[in-house]
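S.K.: quick one, fold the following:
(one chain, ligands or ions: 2)
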Amino acid sequence: MKIAIILGTRPEIIKMAPLIKIYQENRADFFLLHTGQHYSYQMDKVFFEQLKLPLPRYNIDVGSSSHAEQTGKMLIGIEKILLKEKPDVILVEGDTNSVLAGALAAVKLGIRVGHVESGLRSYDRTMPEELNRLLTDHLADYLFAPTPKAKDILLGEGIDEKKVFVTGNTIVDAVRQNLELAKSGKDVLSDLKLKPKQYFLVTLHRQENVDNAARFGSILLGLDMLAVRNKLPVVYPIHPRSRKMMDEFKLKPENLTLIEPADFLSFLQLESGARLILTDSGGVQEEACILGVPCVTLRDNTERPETLEVGANMLAGADAASILECVEVMLDKKDKWDNPFGDGKAAARIVKIITEAGNG
Ligand code: UD1
Ligand code: UDP
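M.R.: Ligands and ions are numbered 1, 2, ... in the order given. You can find the predicted model right below:
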């Protein structure tokens, strides 16, 4: 059986890495198809190098543009490669434009589609990610739900139960495989003059937050006030989209420590050393929960409700006062929580299911 793994952005590289490793170890017939949605060194290549992943056989270099143009270019490029390579199954992960394009190009050629991290819903259709995951789930032949809740969502949408598998999220695999390595590597905290549990870590890059001047400004005000009030550094490895919008809107948060996007091992160190994490990222909400670090989500909703239910996360939205209040509540939290995202063996389960389906 021939497998194509289609990916295009930072989180897909990280969350697909455990699967790629297994296919590599098994000497399976597989190849990587990179859409080129992310292309800056620190958003792309650094993860291939650090996680020791094979280079993609193809990179269609779509780069940045509007949603339709970017997705359209991906469809055209992916179709050509799938026609040439004729894989039996393609795998996509998550909810980016690369995911939707990969699934749509494949399904129209009669190629089976596996969707890793299936069944997540924010129920907010203004988010491009919600549209991508909803459509991809309804195109896919194998739906790998990270949690029983995600499975229930899929069944509730009328998807055939035979297609749905609860596997856990491969991010647990990725964290477990890399955490010790991260801690034994270069001392990122010292390099940034940070003391363990005496700083806040921020990531913020979602279109609905950073492309809106008022909303971005309000969140940055809250973060700035947090730094001043708590007299602790607030470290923000800034996504290129957010950097661009910050410049465009002339926003100048004076009390934040802005750094370049971090490599995965450095970022894991920053996350596990943080007193609390504030984020609008999907993956970072999960990682905070897995690492036992309290999280405040800078959004009005989340497609990761498990993090709220176990008490690891709170939704603050974009209001500065609300951000400060949520931080206070989460800082007071004494109880630990269980990780709801699985046992770190999600990738092995997914590979087994795909292999058995191919043989059956
Ligand atoms: C995309 C995903 C988002 C995911 C994020 C992960 C969609 C719709 N969005 O958002 O769900 O959370 O990736 O990080 O698929 N840029 C660079 N270098 C790069 C990539 C982007 O400078 O390597 C800049 C460009 O100015 C670009 C902007 O970032 O216009 C946005 O990039 P894009 O890929 O469109 O969306 P992301 O915000 O990265
Ligand atoms: N990440 C990283 N360096 C950073 C910020 C994030 O390596 O500076 C990793 C993080 O550990 C997580 C993933 O990127 O695994 C999350 O990606 P992102 O926030 O870009 O996308 P999302 O999860 O929101 O789709």
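
S.K.: tell me the phi and psi of the closest residue to D44 other than its chain neighbours?
M.R.: Once its chain neighbours are removed from consideration, D44 has its nearest residue in H38; the separation is 4.7 Å (C-beta to C-beta, 6 or more residues apart in numbering). Quick note: C-beta positions are derived from backbone N, CA and C, even for glycine. In this entry, H38 is assigned phi and psi values of phi -100, psi 140 (degrees, to the nearest 10).

S.K.: for H38, list the residues it contacts.
M.R.: With C-beta atoms under 8 Å, 6 or more residues apart in numbering as the criterion, the residues that contact H38 are G8, T9, R10, D44.

S.K.: ranking these by neighbours, who comes first?
M.R.: Neighbour tally across the contacts of H38 (other C-beta atoms under 10 Å): the maximum, 30 neighbours, falls on G8.

S.K.: which non-adjacent residue is nearest L265?
M.R.: If you skip the residues right next to it in sequence, L265 has A182 as its closest partner in space, 4.1 Å away by C-beta to C-beta, 6+ apart.

S.K.: would you say the one you found is within a helix?
M.R.: Yes - counting by DSSP: H, G, I helix; E, B strand; the rest coil, A182 is located in a helix.

S.K.: could you list the low-confidence segments of the protein?
M.R.: Within the chain, the stretches with pLDDT under 70 are 360.

S.K.: which bits of it sit near ligand 2?
M.R.: Taking C-beta under 6 Å from any ligand atom as the test, the list of the chain residues beside ligand 2 reads 10-11, 14, 203, 237, 261-262, 264, 267, 281-284, 287.

S.K.: among the residues you listed, name the ones in helices.
M.R.: Where these overlap with helices, as defined by DSSP state H, the overlap consists of R10, P11, I14, F264, F267, G282, G283, V284, E287.

S.K.: which residues touch the last one?
M.R.: Applying C-beta under 8 Å, 6+ apart, we find E287 in contact with I171, V175, L268, E271.

S.K.: the last one contacts L201, doesn't it?
M.R.: Yes - A contact is recorded between E271 and L201 when judged using C-beta atoms under 8 Å, the distance being 6.2 Å.

S.K.: which parts of the stretch 151-300 of the chain sit against ligand 1?
M.R.: Going by C-beta under 6 Å from any ligand atom, the residues of the stretch 151-300 of the chain near ligand 1 are H205, H239, P240, R241, K244.

S.K.: what sits closest to the first one if chain neighbours are left out?
M.R.: By the measure of C-beta to C-beta, 6+ apart, the closest residue to H205 outside its immediate chain neighbours is H239, 3.5 Å from it.

S.K.: with the fourth one instead?
M.R.: Closest residue to R241 in three dimensions, ignoring its sequence neighbours and counting by C-beta to C-beta, 6+ apart: H205, at 5.3 Å.

S.K.: picking up where we left off before, closest to A105 out of the residues of the chain next to ligand 2?
M.R.: P11 (20.4 Å; C-beta to C-beta).

S.K.: what count of nearby residues applies to the closest residue to I60 other than its chain neighbours?
M.R.: Nearest residue to I60 in three dimensions, chain neighbours excluded: G77, at 3.3 Å (C-beta to C-beta, 6+ apart). The burial count assigned to G77 is 20, neighbours taken as other C-beta under 10 Å.

S.K.: where along the stretch 1-150 of the chain do the strands fall?
M.R.: According to DSSP state E, counting those that start in this stretch, the stretch 1-150 of the chain carries its strands in the segments 2-7, 29-34, 58-59, 89-93, 112-116, 142-145.

S.K.: lovely, talk soon.
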